[in-house]
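Participant: sequence plus the predicted model coming up.
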Amino acid sequence: SQFNLLLVMLFVTADIISTVEFNHSGELLATGDKGGRVVIFQQELESKNQPQCRGEYNVYSTFQSHEPEFDYLKSLEIEEKINKIRWLPQKNAAQFLLSTNDKTIKLWKISERDKRPEGYNLKEEDGRYRDPTTVTTLRVPVFQPMDLMVEASPRRVFANAHTYHINSISVNSDCETYLSADDLRINLWNLEITDRSFNIVDIKPVNMEELTEVITAAEFHPNQCNTFVYSSSKGTIRLCDMRASALCDQHSKLFEEPEDPSNRSFFSEIISSISDVKFSHSGRYMMTRDYLSVKIWDLNMESRPVETYQVHEYLRSKLCSLYENDCIFDKFECCWNGNDSVVMTGSYNNFFRMFDRGYRQDVTLEASRESSKPRSVLKPRKVCTGGKRKKDEISVDSLDFNKKILHTAWHPQDNIIAVATTNNLYIFQDKL
Amino acid sequence: MTLLCQAPAALVGWPPWLEASVQHSSQFWMANMYSKGTKRKFYDSVDAATDNKAALYSRQRQSLLDMSLIKLQLCHMLVEPNMCRSVLIANTVRHIQEEMTHDGSWQLVTEAFGSSGPSDHLVATEVLCRSSALEQQGGGPKLYSVMGYDGCREEEVVTDEALCSVTFSGGAPSLLGTIDHCWDRAELRMAAVEDRVIKDSGSEVESGEGAKTVMGQVFGTFEIKNGAPGSDPALEELFSAVDASYYDLDTMLTSIQSTPKMGPYNLLDSMASSHGPTSNSSCRTDLSELDHIMEIIVGS
C-alpha cells in the first residue's frame, strides 16, 4: 500500500473540535471548538535530530473567539461553537483568519511580539511614571528581545446579516471579499466593511411551510473570483457567476447525478444531502461529500460526477437505525491533498478514509490511541460486512457510532494530515 | 371504531412542553388518519402470508412516520434546531404520507394499530431500508414487490432482513439497541392521541394538510416567537408599544442596517413619543430602537 502514515502528534482538547484548517503555507493549523475557542498550532522547524519529521506542531496561540449569546426576540441561545475557520493569504508579518459561529463572523489578527521597547525617559521599567523633574538626561528607547508573545486581536466583527445558521465561509481569490452562507442565503462581504453585506443567493420560499431544500455548503473558486458554488440538501450543486447578475438565484451550472432507482428508499434524499463541497487546488474539479460517498465532479460536466468513492457502503442497510439515532444527519467534511491526487474524509469508529485517484487505491485508517503507536506506521483497517469475520477485521455491528471523524485537513504542500476525533487532534505524516 | 389503548403511563415522565407539542402537531394529522376508520377484514389462509408482509411493511412505514414526527417535535429546545435536519425529516414525512395516500393504505394503518400489541412494533427496521420497486409500480401489487419476487423467500423476509444488502449473522445489532425505547414512546403517544381524537371531519384526507401543519409548526420556530410567557414585566412594558405583527426578523434586520444608531437619551425620548397608534414607519424605527435598548439593558 502506498499509504504509510505515522502518528506524530496527539493533542487532547478541552472541548469538542468543530473545525480544522491549515493556513496557506501549512505552517499554521487552526482548530475551533464547541466552546468558541480557537487554538492555533505552529509547525516546528525541522530539527537536526529528526530531519525527516515535518509533522511536529505545537500550540502557538489560544483565544476565545466567540461567546454564547442570547437572542431575545426568539428566546433562543446562540451557540458559541465555531463552525468554520478560514485563513486569509498572508500579506505581511501578521496572520489573519475568519472564524464564525451560527450568526457572527470575526476577523482575527494573530501577530507576534518578540521585542519590546526599553529605556523610556518618562517611565520606569515596571511602568510607573517618573517624576519629570528628576529627569536630567535624555536617551533614545531601544527595542530589546523578549520572550515570544503571540497576540490575537479581533479586527472586524461581521454581525447581524444572517437570520439562519451560518454553515460556510469562503475567502475570495481577490483577497478583498468573502462569502458567508446560511441555510437559505449567501452574503458577500468586503473584508474592510462590517456594516454592510450583499445578498447574492436567496432560496427562502415566500411561505416557509413550502421549504424543502436548504443550502449546506458554499465555496469560492480558487482562481476565478467571480465564481462560487453552493450545495443543497437535495444533493445538487449550483455554480454561480457573479458577473451574470447581482442576485445569483439563477445558477450558471447545475450539477446533479440522476438517482439510482434500484437504491431508492425513504432515506434516499437524506443520504443524498451534501455535507461538504471543496474545489480542487487546480480549480478544474470539485469534490462533494454525501452520507455514503465522495464524488469528484469535473466543472465542465454537470450530468454526473467523474469519480465516485464509497466511504462506508456497509451502512446502506443500516439507514433506518442511523436515522433513528440521528447519525444519518452527521455532516462529514472532505479534503484534497496538495496536488489533488488523493482525497480524504472521515467515517465512524474513528476511521478515516483516503482515496488515491491515480492509483485507484483506497485505505481505511483509524485515529485512536490504541491503534496508533507513535512512529509506527498505521495499519489499514477493514470492516467485515458479512459472513466470517477475519482476524483484525471489525464487524459492522461493533462500530462505535459515537466516535465520528467529521473534520480532517491536509497540509497544502506536504503529506501531513490533521484528523479530529471528538476531542483529540491527531497529526499524521507520511513515512518517508 | 375501537382501538386498543393502554394507559399511557410512560407519558407521565415526559416534560410538559414535549407532551403538549407532540400532541398538538400530530393531533391534526392523526385525526385525519383515524377519521377513515374501517372494519378489519378477515383474510383467508391463502392470502394470509402476502397480507402479513403488506401489514408488516405498513407497520414499518408507520413506525418510521411516528419516529419522524417525534424527531420534528423534539426540535423545540433551547437552541435553535438544525434546519437542514428538520427539512430532511419533514420531507421524509411528506414522502411517507404521499405514498400512503397513493396506495390507499389508510385502512391497513388503522388495522395495524387496532390489532397488534406493543411487541409487534419491535420488528427489524431494515425492511424499510429498501423500497426498491415500490414507487415504480402503482396500486396494490407494489407492496409485494418490496418483499421479494420469489414466494418461497417469505420466511427470509421477516427474519433475515434480506431486503438489504447486508445480512448479519445473528443477535440484535448494537445499532438497533436504542430503537425499542423510541418505539415504546411512539406507540404510547399514539394511544394518548387516540383518546383525544377530534371529531371526524367527514372530508377526504388531503395528504398535504397534515404535513403542512407540521411543517408550519417546525419552520414557524425559525421566525420570531411572540415572546416567552412569564417574561420580565419591565420588558413587557417596553415592548407593549410595538405592534407585534412587525416582528419579522428580516424586516427588522434590514431596518437596523439602514438606520443609524441613536444615543440612549434620544431613544427614551422617541419611545415616549411613539406610544399610541403606530404607523408603518414608526414601527420599524421602534424595532431598531428596541434592539438598541436591549443592548443597553444587557450591557452587551
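Facilitator: The structure has been received and is ready for your questions.

Participant: quick one, helices of the stretch 251-400 of chain A?
Facilitator: Assignment of helices within the stretch 251-400 of chain A using DSSP state H, counting those that start in this stretch yields the ranges A:268-272, A:319-324.

Participant: could I get the ones you listed as TSV with mean pLDDT and distance to residue A:161?
Facilitator: The way it works is simple: take the backbone N, C-alpha and C, and place the C-beta from them, glycine included. Below are the helices of the stretch 251-400 of chain A laid out as TSV (pLDDT from 0 to 100; distance: least, Cβ to Cβ, whole Å):
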stretch	mean pLDDT	distance to residue A:161
helix A:268-272	97	29
helix A:319-324	96	33
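
Participant: reformat those helices as a markdown table; add mean neighbour count and distance to residue A:107.
Facilitator: What follows is the helices of the stretch 251-400 of chain A, written out as a markdown table (neighbours: other Cβ atoms under 10 Å in any protein chain shown; distance: least, Cβ to Cβ, whole Å):
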| stretch | mean neighbour count | distance to residue A:107 |
| --- | --- | --- |
| helix A:268-272 | 21 | 35 |
| helix A:319-324 | 24 | 38 |
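
Participant: can you lay out those helices as TSV showing distance to chain B?
Facilitator: Shown next, in TSV, are the helices of the stretch 251-400 of chain A (distance: least, Cβ to the nearest Cβ, whole Å):
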stretch	distance to chain B
helix A:268-272	5
helix A:319-324	4
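
Participant: what comes into contact with the host helix or strand of residue A:86?
Facilitator: Using DSSP states H and E, residue A:86 sits within strand A:84-87. Residues from elsewhere that reach strand A:84-87 (Cβ atoms under 8 Å, 6 or more residues apart in numbering or on different chains): A:19, A:21-24, A:28, A:30-32, A:38, A:95-100, A:166-171, A:178.

Participant: which strands border it, and is each parallel or antiparallel?
Facilitator: The pairing partners recorded for strand A:84-87 under DSSP bridges are strand A:95-100 (antiparallel).

Participant: chain center to the partner strand: distance?
Facilitator: Put simply, strand A:95-100 sits 12 Å off its chain's centre (Cα atoms, centre = their mean, to the nearest Å).

Participant: now check whichever helix or strand comes after that strand, is it near chain B?
Facilitator: The helix or strand immediately downstream of strand A:95-100 is strand A:105-118, counting by DSSP H and E. No - counting by Cβ under 8 Å from any Cβ of the partner chain, no contacts exist between strand A:105-118 and chain B, the nearest distance being 14.9 Å.

Participant: against which helices or strands is strand A:105-118 packed?
Facilitator: strand A:95-100, strand A:142-158 (3 or more Cβ pairs under 8 Å, 6 or more residues apart in numbering or on different chains; DSSP states H and E).

Participant: identify each buried residue in that strand, please.
Facilitator: A:105, A:106, A:107, A:108, A:110 (16 or more other Cβ atoms under 10 Å in any protein chain shown).

Participant: now stretch A:366-381
Facilitator: A:366, A:367, A:368, A:372, A:377, A:378, A:381.

Participant: state the mean pLDDT of that stretch.
Facilitator: Per-residue pLDDT over stretch A:366-381 has a mean of 86.

Participant: which residues touch it?
Facilitator: A:1, A:3-8, A:10, A:349-352, A:363-365, A:392, A:394, A:403, A:405, A:419, A:421, A:424, A:426, A:428, A:431.

Participant: measure it end to end?
Facilitator: In stretch A:366-381, first residue to last residue: 7 Å (Cα to Cα, to the nearest Å).

Participant: residue B:51 belongs to a helix?
Facilitator: Yes - applying DSSP: H, G, I helix; E, B strand; the rest coil, one finds residue B:51 inside a helix.

Participant: what's the neighbour count on it?
Facilitator: 17 (other Cβ atoms under 10 Å in any protein chain shown).

Participant: what count of nearby residues applies to the closest residue to residue A:319 other than its chain neighbours?
Facilitator: Nearest residue to residue A:319 in three dimensions, chain neighbours excluded: residue A:267, at 4.3 Å (Cβ to Cβ, 6 or more residues apart in numbering or on different chains). Residue A:267: 24 surrounding residues under other Cβ under 10 Å.

Participant: how close does the residue of chain A found nearest chain B get to residue A:62?
Facilitator: Closest to chain B within chain A is residue A:317: 3.2 Å, counting by Cβ to the nearest Cβ. Going from residue A:317 to residue A:62 by Cβ to Cβ, to the nearest Å gives 43 Å.

Participant: residue B:68 contacts residue B:94, correct?
Facilitator: No - counting by Cβ atoms under 8 Å, residue B:68 does not reach residue B:94; the two are 9.7 Å apart.

Participant: between the two, which one's more packed in?
Facilitator: A count of neighbours by other Cβ under 10 Å puts residue B:68 above the other of residue B:68 and residue B:94, at 24 against 20.

Participant: tell me which residues in whatever helix or strand the more buried one lives in are buried?
Facilitator: In this assignment (DSSP H and E), residue B:68 forms part of helix B:45-73. For helix B:45-73, a neighbour-count test (16+ other Cβ under 10 Å) marks B:50-51, B:53-73 as buried.

Participant: for stretch A:154-171, same thing?
Facilitator: For stretch A:154-171, by 16+ other Cβ under 10 Å, it's A:156, A:158, A:160-171.

Participant: so which of these sit within strands?
Facilitator: The strands, defined by DSSP state E, take in A:156, A:158, A:166, A:167, A:168, A:169, A:170, A:171 from those.

Participant: next, format these as CSV and append pLDDT and distance to residue B:84.
Facilitator: Conversion of those to CSV gives the following (pLDDT from 0 to 100; distance: Cβ to Cβ, whole Å):
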residue, pLDDT, distance to residue B:84
A:156, 98, 28
A:158, 98, 22
A:166, 98, 13
A:167, 98, 8
A:168, 98, 12
A:169, 98, 17
A:170, 98, 18
A:171, 98, 23
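
Participant: quick one: low-confidence ranges for chain A?
Facilitator: Scanning chain A for pLDDT under 70 picks out A:1, A:47-53.

Participant: now with 50?
Facilitator: Counting by pLDDT under 50, chain A has no low-confidence residues at all.

Participant: with chain B instead?
Facilitator: Applying pLDDT under 50 to chain B flags residues B:1-40, B:43, B:109-110, B:113, B:115-211, B:220-231, B:239, B:242-280.

Participant: neighbour count for residue A:317 and residue A:62, which is higher?
Facilitator: Taking neighbours as other Cβ under 10 Å, residue A:317 and residue A:62 compare with residue A:317 leading, 22 against 14.

Participant: tell me how many other residues crowd the nearest residue to residue A:282 once chain neighbours are set aside.
Facilitator: Spatial nearest neighbour of residue A:282, excluding adjacent residues (Cβ to Cβ, 6+ apart): residue A:340 at 5.6 Å. Residue A:340: 18 surrounding residues under other Cβ under 10 Å.

Participant: test my guess that residue A:340 contacts residue A:278.
Facilitator: No - taking contacts as Cβ under 8 Å, residue A:340 lies outside contact range of residue A:278: 10.3 Å.
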